[in-house]
Structures are given as structure tokens and as C-alpha cells.
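Asks: structure, please.
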Amino acid sequence: MIYTVTFNPSLDYIVSVEDFRLGLTNRTSSELILPGGKGINVSTVLGNLGIESTALGFVAGFTGAEICKETEAAGIRSDFIQIEEGISRINLKLKSIDGTEINGQGPDISEEKVSMLMEKLDALKAEDVLVLAGSIPASMPDDIYQKIMERLKGRGVRIVVDATKDLLLNVLDYQPFLIKPNNHELGEIFGVNLSTRDEVIPYGRKMQEKGARNVLISMAGEGAVLIAEDGQVYTSPAPKGTLVNGVGAGDSMVAGFLAGWLKQRDYEYAFHMGIAAGSASAFSEYLATRSEIEAVYKTLM
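Replies: Just a heads-up that it's a prediction; the model follows:
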């Protein structure tokens with residue numbers, strides 16, 4: 001079973017506004033409300049590819065209830081922990097201006113609730129996959145990723161980490177199965193600018209030397225690189241297509257990689273499935289469907 005953890009899930013309010021103007025009343029030309037958060041995105045795309053997963057995390061208030069409702073409606077198995085005070089956050093994403101978002105804060109999460117999550121994770125067993133993705137709320141300990149990985153150490157659970165800088169660096173000693181920095185995040189770690197596929201390879205190897213088993217580096221329009229556990233390096237330019245919505249593309253890449261690896265246990269196939277899923281989501285209004293992913297995958301072969 002695959003488990004995804006979203007510490008601070010959201011309701012994403014995705015709107016388009018024609019001719020957006022600051023300081024004036026603007027009206028939407030389209031609206032969409034969807035459950036959001038990196039772990040939930042991974043679970044959604046896995047589900048679209050026919051792979052079951054369980055979404056874990058924390059929800060609160062009427063927005064939390066809607067997150068649960070929407071994830072269940074999407075066919076995602078969830079086991080969220082309820083927070084009695086506050087509300088789950090609402091994130092505003094303005095499609096008309098690519099990359100423009102206003103993200104909420106979310107509820108405070110107590111030590112008791114963190115302990116409840118740990119108890120749920122104790123049920124994981126060998127061959128299970130755990131996806132830890134995204135930032136950590138300010139109310140939670142900043143070493144929660146490390147505590148989870150320490151708790152699961154030696155259990156045979158494959159752990160995927162999609163996080164930035166210190167959050168990522170601090171878990172490498174626990175030999176995560178997969179990490180997925182983008183080229184900018186990788187460059188920030190080492191204090192360099194990385195813009196081409198060839199440039200990221202030696203730094204991806206450095207992350208592997210620090211403990212990561214597989215390093216998948218997304219590079220938007222430049223494509224992607226995988227430094228695999230078996231010593232192989234796979235590179236690919238970005239598939240051709242029109243960027244429609246970049247939100248969730250990286251999460252989709254993680255889901256595609258996992259789906260490919262679980263299906264064939266072949267890193268090259270997993271790599272291309274990751275690229276296909278990430279690109280298909282970028283070319284779509286929302287997270288990619290199976291048919292959209294398969295269509296992009298065919299262009300890579």
C-alpha cells in the first residue's frame with residue numbers, strides 16, 4: 001500500500017480573471033474548488049492511474065470536512081486526523097497570472113495529534129511506500145520528517161521525500177527511496193545555478209552520496225534527470241505541449257514514477273512515467289487523467 005502524508009492540506013480555490021487589475025473589483029471567468037496539498041495530489045494521480053493509496057494528514061473545521069468529502073468523491077481512501085480548533089486552509093490560485101497564489105495558514109497541530117499520526121504510521125509494513133511531501137506547519141516540530149523516518153527505520157518501508165533545503169538534507173541519512181528536488185532547489189542546496197540537464201547530474205550524485213537511493217530532478221521546460229540506485233543516469237527533454245496549469249506537476253511526477261516502478265520495477269520505465277505524468281498535468285486544467293498521461297508517454301518512446 002502507498003500512504004501519502006499532507007500535514008497542511010487545503011481547499012484550492014482556482015480562479016481565472018480576465019484582465020486582472022490591482023485596486024479594482026475583478027470578476028472571475030472560471031472557478032474550481034479542489035482538495036489540495038502535495039500528498040493529496042500524489043494520491044489523486046495514483047488513483048487516476050488505477051493505484052490505491054491512503055491519504056493521511058490533519059484537517060479542521062468546515063474546510064476540513066469539505067477536503068474529506070472531495071477526496072472521497074475522487075475515490076481516494078483517506079484517514080485524516082481531525083483537529084478540533086481552527087480550519088483547514090484555503091489557497092487562492094490565480095490562473096490568469098501563472099504562479100500567483102495566496103496560501104492560508106491552517107490550524108495549529110498539537111503534540112497529541114502528532115502522536116496520533118505516528119501511531120497510524122506504526123501500521124506500515126515492509127514493501128509499503130510512504131510519501132512525505134511539502135512544508136511543515138509552524139506549530140509542528142521542524143524535525144518531524146526525521147522523527148517519522150527514524151521511527152520506521154529498519155521496517156522495509158520505502159520512503160519518498162519531496163521537500164526543500166534543510167527538510168530534505170536532514171533526512172538523507174535515513175536513505176530515502178526517492179527524493180525529487182527541482183533544479184532550482186538542488187542549486188540552492190549547493191549554492192550554484194543549474195539550468196541544463198548535464199549540470200544537475202553531478203549534484204544529483206552528491207545527494208545520492210549523502211544517502212538518497214534515487215534522485216529525480218524536475219526541470220520544467222528543460223525536462224528531467226534521474227540518478228538511479230542501480231548506477232544508471234536517465235535524462236529526457238520536456239515533452240512538447242502548452243503549459244496550462246503548473247500546479248501539481250511535480251507531485252504528478254512523483255506519482256507517475258511510483259506507478260511505473262511498482263508496475264515493472266524498472267527505473268527507466270518509472271522515469272518516463274514520471275515525466276509523462278508531470279507533463280500531462282502541466283498541460284491540463286487539473287491533475288492529469290490516465291488517458292492524458294498515456295498520450296504523453298507515447299511521445300517519449
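
Asks: residue 21: neighbour count?
Replies: For residue 21, the count of nearby residues is 8 (other CB atoms under 10 Å). All C-beta spots, glycine's among them, are computed from the backbone N, C-alpha and C.

Asks: show me what contacts residue 279?
Replies: 238, 239, 241, 249, 296 (CB atoms under 8 Å, 6 or more residues apart in numbering).

Asks: out of those, which are buried?
Replies: 238, 239, 249, 296 (16 or more other CB atoms under 10 Å).

Asks: got the contact list for the second one?
Replies: Read that as residue 239. 275, 276, 279, 296, 299, 300.

Asks: going along the chain, name the helices of the chain.
Replies: Under the criterion DSSP state H, the chain carries helices at the ranges 38-48, 61-73, 111-121, 144-152, 165-169, 183-190, 197-209, 249-264, 267-282, 290-300.

Asks: and the ones you listed, which one averages the lowest pLDDT?
Replies: Sorting these by mean pLDDT places helix 165-169 lowest, at a mean of 87.

Asks: ok, and for that one, which residues are buried?
Replies: 167, 168.

Asks: tell me what it is packed against?
Replies: helix 183-190 (3 or more CB pairs under 8 Å, 6 or more residues apart in numbering; DSSP states H and E).

Asks: what's the helix it packs on packed up against?
Replies: helix 165-169, helix 197-209, strand 214-218.

Asks: turn those into CSV, including distance to residue 8.
Replies: What follows is those, written out as CSV (distance: least, CB to CB, whole Å):
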stretch, distance to residue 8
helix 165-169, 13
helix 197-209, 25
strand 214-218, 22
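
Asks: deepest-packed of the ones you listed, please.
Replies: When the helices and strands packed on helix 183-190 are scored by mean count of other CB atoms under 10 Å, the highest mean neighbour count falls to strand 214-218 (a mean of 26).

Asks: summarise which helices and strands that one is packed against.
Replies: Looks like strand 214-218 contacts strand 178-179, helix 183-190, helix 197-209, strand 224-227, helix 249-264, helix 267-282 (3+ CB pairs under 8 Å, 6+ apart).

Asks: if you set the cut-off to 6 Å instead, what comes out?
Replies: In terms of contacts (3 or more CB pairs under 6 Å, 6 or more residues apart in numbering; DSSP states H and E), strand 214-218 is packed against helix 197-209, strand 224-227.

Asks: rounded mean pLDDT for that strand, please.
Replies: Computed over strand 214-218, the average pLDDT equals 96.

Asks: quick one: contacts for the residue nearest the centre of the chain?
Replies: Centroid-nearest residue in the chain, with CA atoms, centre = their mean: residue 251, separated by 3.2 Å. By CB atoms under 6 Å, 6 or more residues apart in numbering, the contact set of residue 251 is 38, 41, 42.

Asks: grab the nearest non-local neighbour of the second one.
Replies: Nearest non-adjacent residue to residue 41, counting by CB to CB, 6 or more residues apart in numbering: residue 251, 3.6 Å away.

Asks: same question for the first one.
Replies: Leaving aside its sequence neighbours, residue 38 sits nearest to residue 133 (CB to CB, 6+ apart; 3.6 Å).

Asks: burial count for the one you found?
Replies: Neighbours of residue 133 (other CB under 10 Å): 22.

Asks: do the same with the one 4 residues further on
Replies: By the other CB under 10 Å criterion, the neighbourhood of residue 137 contains 16 residues.

Asks: quick one: contacts for it?
Replies: 7, 8, 106, 109.

Asks: which of those residues lies closest to residue 150?
Replies: Distance ranking of the contacts of residue 137 against residue 150, using CB to CB, places residue 7 first at 17.1 Å.

Asks: and that closest one, what pLDDT?
Replies: Confidence score, pLDDT, at residue 7: 94.

Asks: what's the answer for residue 98, then?
Replies: For residue 98, pLDDT reads 66.

Asks: what's the answer for the one 10 residues further on, then?
Replies: For residue 108, the model assigns a pLDDT of 92.
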